[in-house]
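**Q** need coordinates for the below:
(2 chains)
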Amino acid sequence: MDIISILLILSCLLLLGSSRLHVAIRVVAAQGILLGILPLVRSMGDITTGIWILSVTTIVSKGILLPWLMRVCLRNSDIDREIEPFIGFGSSLIYGIGLLALAVWVTVRMELTQSEVPAVLMISSFFLIFVGLFIMVTRRKAITQSLAYLVMENGVYGVGVGMSLDFPFVVELGILLDVCVGVFLMGNLLFHLDREFEHMDVDKLTELSDVAESAAATTGEEIA
Amino acid sequence: MLLLSIILLPTVAGTASYLIRSHRIRRTLWGATATAHLVLSIAAAMPPEAATLGHWIGLDALSAIFLVLTSLLFLGATVYGIGYVAREPVAPQPDVEDGSLFRNEPESVFTGAILLLLATMSLAIVSRHLGLQWVAIEATTLASAPLIYYHQNRRSLEAAWKYLILCSVGIAVALLGIFFILMAMQGEHRDLTLAALLAQAGELNHKWLGIAFIFMLVGYGTKMGLAPLHTWLPDAHSEAPSPVSALLSGALLNCAFLGILRVQQVCTAAGMAAFGGDLLILFGLLSMGLAGVFILRQTDYKRMLAYSSVEHMGILALGVGLGGLGLFGSLLHAVNHSVVKAMLFLTAGNILARFHTKDTTKIQGACGILPISGVLWIAGFLAITGSPPFGTFISEFTILRATVEQGRWVVAGLYSLFLLLIFVGMSAIVLRMALGKPQESRTREPWTTVLSPLVFAAVALLLGVYLPAPLADKLHSAAQLLGGLAK
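**A** Have a look, this model is predicted:
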């Protein structure tokens, strides 16, 4: 489990430092597969049918289906790179280290006395959530925002697996279904965004705003 | 069985709507489902004792109120909406604001999504398992995003995108909160059903429950439109077609509110009512103040209504935060607000259809041109700002009494100030639109466009002069569930 957690942390650092969207999609796919394996490792040999189903559906949906959808969106839009993020890729990495420290601090502050909650997994899951939010506010492309949502959702999933194996499995599947349909809808809207605005930059989405004068500067935060 | 059919009926009808090609059959199905749903909801809500189906699904006084309210609003929006989609052109049409051509979403997608929205809202209301409720509330976001994007133009696309991203992120935060509630449960058997949580409320770890409450308040608060997490709301509610706006403001915000009420119910049972209450009061006042500022300088009447929803969600949060008498006031206000806001959005739809602009400065003399909608517009303004004799006056006044009784003078002062501010801001906009010399000739209004708002206006008026005994009973027992006083 520690290995998976560390791989998750490394994948986030890769996301922060890379400008190529193809790479980002592949990293998110890898995260999905790692998270799919997680419940199997977490249950330590005592694997029920429910855990098997959960694990397989996670791998298929988050590791294969959704990344494939994102790749289709990317191919249709002729973009390949994230350009001019609000915070550069190098600085993003440094912020990333800060976020990792924050994740450690949060986990320590939680004072996990219950020994069954693995601290390393908690750290990496909180790190995923923070990185997802960070990417969402600092990058311009709409497709990156939907990837960032997936990263954050992966983090929430990690926290869930770490804290409780007794979360009802029907609900787990419901959550997974919601996330898939959500990303699917985002993909659908991405097609339209591309056609209507001839770009997928969210900072140009400023037609609706009551704070017109500062809209251009603050759209990033508003969307966050 | 009754409860199950309330969820399954719109699910099946919604799925079928995607496949049915005949407009007539699909619209009939839509109308029939809405009617049947209201009948079933009333039948399920009528018995005084709580109905349950296993531990996961059930109907207590609190959810009964919201279920019937949602169903009633949906029927109203259906009567309006069937006429609405029938009048919408199939061919590309020019945008009213920037003139670019756009095409509507296929009607089958729209009808399917709106019925699935009803199904997911019903599930969110009747679920008594926090995890299941989360799944349902997130599903409402997914069902309503295609509705916002019905007019496939740039502004509705932007609104739908922001709505989907912001609400999904917000709700993911609420899910973290639900995990933290699991951490607060110490025992071997950790179960997120409401029954189990309330039964062992005394043993819940207060630190974890507090953290969980904050996360769930922020998460569901985003979906409910509490400031400063409301930024998506004016966009989504103003760009959606009017019958959808009515549902989003009147029914969907309540579902998120119910999510917060449930966790507050657990907190109250655990003896932490004051902790959650103070946070709710803070968010409530912030929402009211911010909405007031934006209403004052508003030039788009649908956005004005959307900001008014932010204000009223603030009032609801404030009332629940106060506790005691405030709980009853808040629940009564939820009923009043839903009815009035749905009526206002439907009327705004009539005005938009006639004048082809959302700019308040370009409209005058609406009373002369649209005799029924014009009068409804003024009546709706009086109702939403809490003027007597409408029901909103009583509920807003009840909440004010709660602040005074508890000696929270600062809260009472700010509350009155913001209400006054919003009254002034809205009166300037609404009266200028409704009164004045008509520039155009009088138009006949089709009955489908005025029937629902007229009925809602009548209900709002009725609630002001007479509170029916069954509703009063339900409101009192719901307030008691949340720790309010007995009658």
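**Q** next, give phi and psi for B:I57.
**A** When read as degrees, to the nearest 10, the backbone of B:I57 gives phi -130, psi 140.
**Q** isn't it up against B:L2?
**A** No - B:I57 lies out of contact with B:L2 (C-beta atoms under 8 Å); the separation is 10.7 Å. For the C-beta atoms, the positions are set from N, CA and C on the backbone; glycine is no exception.
**Q** so where do the helices sit in the stretch 1-150 of chain B?
**A** Counting by DSSP state H, counting those that start in this stretch, the stretch 1-150 of chain B has helices at residues B:2-19, B:23-45, B:61-87, B:107-126, B:130-148.
**Q** ok, A:V60 - how many residues close by?
**A** A:V60: 16 surrounding residues under other C-beta atoms under 10 Å in any protein chain shown.
**Q** between B:I57 and B:L2, which is the more surrounded one?
**A** Taking other C-beta under 10 Å, B:I57 and B:L2 do not tie; B:I57 has more neighbours (19 against 14).
**Q** bridged to that one, which residues?
**A** B:L53, B:S127 (DSSP bridges).
**Q** so what touches stretch B:350-358?
**A** B:87, B:96-97, B:238, B:242, B:300-303, B:362-363, B:366, B:369-370, B:373, B:377, B:433, B:443, B:445, B:449-450, B:453 (C-beta atoms under 8 Å, 6 or more residues apart in numbering or on different chains).
**Q** from those residues, which are also near chain A?
**A** When C-beta under 8 Å from any C-beta of the partner chain is applied, the members of those adjacent to chain A are B:238, B:303.
**Q** distance check, the residue lying closest to B:L280 once chain neighbours are set aside against B:A402.
**A** Spatial nearest neighbour of B:L280, chain neighbours left out: B:G321 (3.1 Å); criterion: C-beta to C-beta, 6 or more residues apart in numbering or on different chains. Computed as C-beta to C-beta, to the nearest Å, the B:G321 to B:A402 distance reads 10 Å.
**Q** please apply the same query to A:M122.
**A** 41 Å.
**Q** higher neighbour count, these two?
**A** B:A402 (25 against 22).
**Q** check which helix or strand covers the more buried one.
**A** Assigned by DSSP states H and E, B:A402 belongs to helix B:391-405.
**Q** repeat for B:P389
**A** For B:P389, there is no enclosing helix or strand under DSSP H and E.
**Q** burial check on the residue nearest to it when sequence neighbours are not counted, number of neighbours?
**A** Excluding its sequence neighbours, the residue lying closest to B:P389 (C-beta to C-beta, 6+ apart) is B:G464, at 4.4 Å. By other C-beta under 10 Å, 19 other residues sit near B:G464.
**Q** list the buried residues of the strand or helix carrying B:G464.
**A** Per DSSP H and E, B:G464 falls inside helix B:447-465. By neighbour count with 16 or more other C-beta atoms under 10 Å in any protein chain shown, helix B:447-465 contains the buried residues B:448-457, B:459-461, B:463-464.
**Q** also stretch B:251-260?
**A** Those would be B:251-260, for stretch B:251-260 by 16+ other C-beta under 10 Å.
**Q** and B:A86, how many neighbours?
**A** 13.
**Q** where does the chain have low pLDDT?
**A** Assuming you mean chain A. A:113-116, A:164-166, A:198-204, A:206, A:209-224 (pLDDT under 70).
**Q** wait, chain B was what I had in mind.
**A** Within chain B, the stretches with pLDDT under 70 are B:50-51, B:187-188, B:485-487.
**Q** returning to that earlier point: who touches the helix or strand just after the helix holding B:G464?
**A** The first helix or strand that comes after helix B:447-465 along the chain, using DSSP H and E, is helix B:469-481. For helix B:469-481, contacts defined as C-beta under 8 Å, 6+ apart pick out B:45-46, B:48, B:60-62, B:64-65, B:265, B:327-328, B:331-332, B:335, B:467, B:484-487.
**Q** can you do 6 Å?
**A** With C-beta atoms under 6 Å, 6 or more residues apart in numbering or on different chains as the contact definition, helix B:469-481 has outside contacts at B:61-62, B:64-65, B:327-328, B:331-332, B:487.
**Q** which of those sits closest to A:I64?
**A** Nearest to A:I64 among the contacts of helix B:469-481: B:L62, at 41.8 Å, using C-beta to C-beta.
**Q** distance check, the nearest residue to the closest one once chain neighbours are set aside against chain A.
**A** Distances taken as C-beta to C-beta, 6+ apart place B:A478 nearest to B:L62, at 4.1 Å, with adjacent residues excluded. Distance of B:A478 to chain A, given as C-beta to the nearest C-beta, to the nearest Å: 26 Å.
**Q** state the distance from B:A478 to A:H22.
**A** 53 Å.
**Q** the closest residue to B:Q152 other than its chain neighbours: neighbour count?
**A** Closest residue to B:Q152 in three dimensions, ignoring its sequence neighbours and counting by C-beta to C-beta, 6+ apart: B:F102, at 5.2 Å. Other residues near B:F102 come to 17 when the count uses other C-beta under 10 Å.
**Q** for B:F102, which residues make a bridge with it?
**A** Beta-bridge pairing of B:F102 under DSSP bridges involves B:Q93.
**Q** and chain A, which residues reach chain B?
**A** A:145, A:149, A:152-153, A:156, A:159-160, A:163-164, A:166, A:171, A:174-175, A:178, A:181-182, A:185, A:189, A:192, A:196, A:205, A:207-208, A:210, A:222 (C-beta under 6 Å from any C-beta of the partner chain).
**Q** cheers, nothing more for now.
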